[in-house]
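[1] Sequence plus the predicted model coming up.
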Amino acid sequence: MVIENSSAIGIGPPKVEVDFQPNLNKEITFMVLNQISIPIRAELYVRGDLAEYITLEKEYIDLDPGKSATFQVYITLPSKIDTPGPNNLRIGALESQITSEAGTVGAKAGVESKLIINVPYEGKYIKADLKATDIKKGEIVDFTLSISNIGEEYIADLDASIEIYDSDDEKIATIKTDSISISSGEKKDIAAKWSSEDAEAGIYNAIAKITYDGNAKEAETKFRIGDVLIEILDVSISKFKKGEIAGISLSVQSKWNEEIKDVFADIEIYQGDELVDSIETNKITLGSWEKKTLNAYWNTANIKKGDYTAKAVLNYANQTTYKEFGIEVKSGFEFGTITIIISIPVLFFILWWIFWAKKIL
Amino acid sequence: MNKKGEMSNKTLAVLVILAIVISVGSTMMVLDKIKIATTGAATGVAKVNVTGVVAISLPVNTVDFGSIFQGYSDNTTDNNPAPLKVQNDGGVNVNVSIARDGSSAALFSGTGGGDNTASFQFKIDQTTETGSFNYTESTTTWTNVPGTTALDSVIAMLDYQDSTDSAEVDLLINVPSDETPGAKNETLVFTAEQS
């Protein structure tokens, strides 16, 4: 026996953070909701670190189908908490009416919202997060270093050096930020800029080395200059005649400083506007800045003699590059240049033999 | 007025004209006020603070294994019976934990039964909505169903987008050979929190 869609519950907001202050009294509003077509009873609870300092306005809420309701969570903190850093609690709502029938395994839904009480660390302590913008070649990278003072003490002097590394882990630049001061519990952003004028396209790594009143911390991030790019340098076609296999080679080069996998090309062949055939090359991996060849083979057994237009579409990293080129399909017998060069003197000899040599002889 | 108290035509005319003027004038004043009231471009600002929600549902929340002999086994991997199903109906990715509901006893009480035993196991699997959760980080091999202390993140990073928001919970039962006959049941609790 299966009961459809009879267990569901929701809670919001998903996460709340509160910074510790001695003897803090705070009230936060949460919401529970019923998203199914039968009434439910949501039992409310709190669990986790510091749960003894949290009380809930209600023990349960009855919700009609499609309805939501709010309830208050009261936080009453003591003058001091001995566990520094994030103290994790959960505010939960659990369906209370679902029980499994005899002879079955039943299930019910519960949801929890994270309530985090951030208690400052002793002394001087920071949390740092570094972000950088992705840019086009030659533009300026904007760095944002976000600092949170999660220690008990005021920090008088904080600054950072942001070191920039290329894909070979070579340091290519260092930029210094401004200096700031920051109080306990305070959050500040420090901005910095770097001109990428000489840097090639690719992924770069930035490390912020932060010093604050004799202490140190690092934060790291990656950013991109330019776009992943592969160029089609050249197209070559092996000599072939109608009915034979034509080898088509694409010479490609990566313009990116990291490996690019699964590179291949689709080649569509047209006569006029009509698509005559479609072939695919092999797949390769290109190393950073590497040049390689992709190969495809076109069977001209059922192809008429004539001129064709081909469009090669190179596929890589959710991007494409394309190149058009022409292909001439010739018949099996060719009245080529060498044939003419050889046949002219042979013809003269035959004519001379017929008209002149016989007279001499 | 003449001697008989009757109004002269002139007076009547004046009164009529006066009444018309007063009537029209009042109407125009009223209309004018209405015009001012309706053309004054009053603006208001509506604010809305959109907050995320953690919400899950269990579109399949009951599994009935029917009658099974002592010492025998069954599971839901053949969809007979169908496995439990968990769905993310909220607006954020969630991690889902599993525990036995405190209001119910463990499924089996015979030798080898009870919480955290091989008599009752679960594993997470994909529904037809593949890629709904982080398969590598989830509990995708047979694992003993815990007691009332939850196993966290058995479904890791369950997506909230409608096309990829569901996961199956397969169940396996190994009936102890000395399990007393009768109807057995257990209630599981699936609890979600933001990933």
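    Cool, the structure landed. Numbers count the residues shown, from 1 in each chain, chains lettered A, B, ... in the order given.

[2] ranges for the helices of chain B?
    All helices of chain B, identified by DSSP state H, fall at B:9-39.

[3] which strand residues sit across from whichever residue of it sits closest to chain A in the sheet?
    The minimum distance from chain B to chain A, using C-beta to the nearest C-beta, falls at B:Ala55 (2.8 Å). C-betas here are computed from N, CA, C, even on glycine. Beta bridges link B:Ala55 to A:Gly10, judged by DSSP bridges.

[4] Look up how far A:Glu152 lies from it.
    For B:Ala55, the distance to A:Glu152 equals 38 Å [C-beta to C-beta, to the nearest Å].

[5] So the two - more neighbours on which side?
    Each of B:Ala55 and A:Glu152 has its neighbours counted (other C-beta atoms under 10 Å in any protein chain shown); B:Ala55 has more, 27 against 16.

[6] Run a quick neighbour tally on A:Glu27.
    Considering only other C-beta under 10 Å, A:Glu27 is surrounded by 10 other residues.

[7] my guess is it contacts A:Thr76, does it?
    No - counting by C-beta atoms under 8 Å, A:Glu27 stays clear of A:Thr76, with 9.9 Å between them.

[8] Just the closest residue of chain A to chain B, please.
    Closest residue of chain A to chain B, C-beta to the nearest C-beta: A:Gly10 (2.8 Å).

[9] OK, contacts around that residue?
    A:32-35, A:68, A:93, A:111, B:53-56, B:89-90 (C-beta atoms under 8 Å, 6 or more residues apart in numbering or on different chains).

[10] And for A:Thr70?
    A:Thr70 makes contact with A:Thr29, A:Phe30, A:Met31 under the criterion C-beta under 8 Å, 6+ apart.

[11] Now do it, the pLDDT please.
    Here the pLDDT value assigned to A:Thr70 is 96.

[12] farthest-separated two in the contacts of A:Gly10?
    Within these, two members stand farthest from each other by C-beta to C-beta: A:Ser68 and B:Ile56, at 15.4 Å.

[13] Specify which residue of the two has the higher count of neighbours.
    It is B:Ile56, of A:Ser68 and B:Ile56, that has more neighbours when counted by other C-beta under 10 Å, with 27 against 16.

[14] in the sheet, who's paired with the residue nearest to that one when sequence neighbours are not counted?
    Closest residue to B:Ile56 in three dimensions, ignoring its sequence neighbours and counting by C-beta to C-beta, 6 or more residues apart in numbering or on different chains: B:Ala192, at 4.5 Å. Listed by DSSP bridges, the beta-bridge partners for B:Ala192 are A:Val111, B:Val96.

[15] give me every residue that touches B:Ala192.
    By C-beta under 8 Å, 6+ apart, the residues touching B:Ala192 are A:109-112, B:54-56, B:88, B:90, B:94-97, B:158.

[16] now B:Ala150
    Counting by C-beta under 8 Å, 6+ apart, B:Ala150 has contacts B:Ser97, B:Ile98, B:Ala99, B:Val189, B:Thr191.

[17] pretty sure the first one is touching B:Ser153, no?
    Yes - between B:Ser97 and B:Ser153 a contact is recorded at 6.5 Å, counting by C-beta under 8 Å.

[18] still on that earlier bit, from the contacts of B:Ala192, which single one is nearest A:Ile162?
    Distance to A:Ile162 across the contacts of B:Ala192 (C-beta to C-beta) is lowest for B:Asn95, with 33.9 Å.

[19] so how far is A:Thr144 from the closest one?
    For B:Asn95, the distance to A:Thr144 (C-beta to C-beta) stands at 29 Å.

[20] between the two, which one's more packed in?
    Taking other C-beta under 10 Å, B:Asn95 and A:Thr144 do not tie; B:Asn95 has more neighbours (21 against 14).

[21] was I right about that one contacting B:Ala156?
    Yes - in this structure, B:Asn95 is within contact of B:Ala156 by C-beta under 8 Å, at 5.6 Å.

[22] any shared contact partners between these two?
    B:Ser195.

[23] Quick check on the closest residue to B:Gly113 other than its chain neighbours: phi, psi?
    Distances taken as C-beta to C-beta, 6+ apart put B:Ser119 closest to B:Gly113, at 4.6 Å, once the chain neighbours are dropped. Phi and psi for B:Ser119, reported as degrees, to the nearest 10, are phi -70, psi -20.

[24] Wait, B:Ser119 touches B:Ser177, no?
    No - B:Ser119 lies out of contact with B:Ser177 (C-beta under 8 Å); the separation is 10.6 Å.

[25] Show me what from chain B comes close to chain A.
    Selection of chain B residues close to chain A by C-beta under 8 Å from any C-beta of the partner chain yields B:51-66, B:81-82, B:84, B:89-90, B:92, B:101, B:103-104, B:107, B:169, B:171, B:183-194.

[26] quick one: contacts for A:Pro120?
    Taking C-beta under 8 Å, 6+ apart, one finds A:Phe20, A:Pro84, A:Ile150, A:Gly151, A:Glu152, A:Ser184, A:Gly185 in contact with A:Pro120.

[27] leaving aside the residues next to it on the chain, what's closest to it?
    Closest to A:Pro120 by C-beta to C-beta, 6+ apart is A:Glu152, at 4.6 Å.

[28] B:Thr127 now?
    Excluding the flanking residues, the one nearest B:Thr127 by C-beta to C-beta, 6+ apart is B:Ser166, at 4.6 Å.

[29] ok, that neighbour - how many residues close by?
    By the criterion of other C-beta under 10 Å, B:Ser166 has 24 neighbours.

[30] So chain B: which segments form each domain?
    As recorded under automatic domain parsing, the domains making up chain B are B:1-47, B:56-194.

[31] what bits of the stretch 1-150 of chain A have low per-residue confidence?
    Low-confidence segments of the stretch 1-150 of chain A (pLDDT under 70): A:1-6, A:97-100.

[32] One more: chain B?
    B:1-7, B:12-13, B:16, B:21, B:23-51.

[33] Look at A:Lys131 and tell me its secondary structure.
    What DSSP: H, G, I helix; E, B strand; the rest coil gives for A:Lys131 is strand.

[34] Which element, helix or strand, includes the closest residue to it other than its chain neighbours?
    Nearest residue to A:Lys131, sequence neighbours excluded (C-beta to C-beta, 6+ apart): A:Thr144, at 4.8 Å. Here A:Thr144, judged by DSSP states H and E, is contained in strand A:140-149.

[35] What helices and strands are in contact with that strand?
    On a contact count with 3 or more C-beta pairs under 8 Å, 6 or more residues apart in numbering or on different chains; DSSP states H and E, strand A:140-149 meets strand A:126-132, strand A:155-165, strand A:180-182, strand A:187-195, strand A:202-212, strand A:215-225.

[36] which residue ranges form the strands in chain B?
    B:54-60, B:62-63, B:73-75, B:84-88, B:94-100, B:120-126, B:143-144, B:151-158, B:166-174, B:186-194 (DSSP state E).

[37] Out of these, the one nearest A:Ser288 is which?
    Of all these, it is strand B:151-158 that lies closest to A:Ser288, at 31.3 Å by C-beta to C-beta.

[38] Quickly run through the sheet partners of the closest one, with directions.
    Looking at strand B:151-158 with DSSP bridges, its partner strands are strand B:94-100 (antiparallel).

[39] For the partner strand, C-alpha coordinates in CSV please.
    What follows is strand B:94-100, C-alpha atoms only, in CSV (Å, rounded to 0.1, in the frame of the first residue of the first chain):
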residue,chain,number,x,y,z
VAL,B,94,19.7,20.4,1.2
ASN,B,95,21.5,17.6,3.0
VAL,B,96,19.1,15.0,4.3
SER,B,97,19.6,12.8,7.4
ILE,B,98,17.9,9.6,8.4
ALA,B,99,16.9,8.3,11.9
ARG,B,100,14.3,6.1,13.5
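
[40] Many thanks, I have nothing further to ask.
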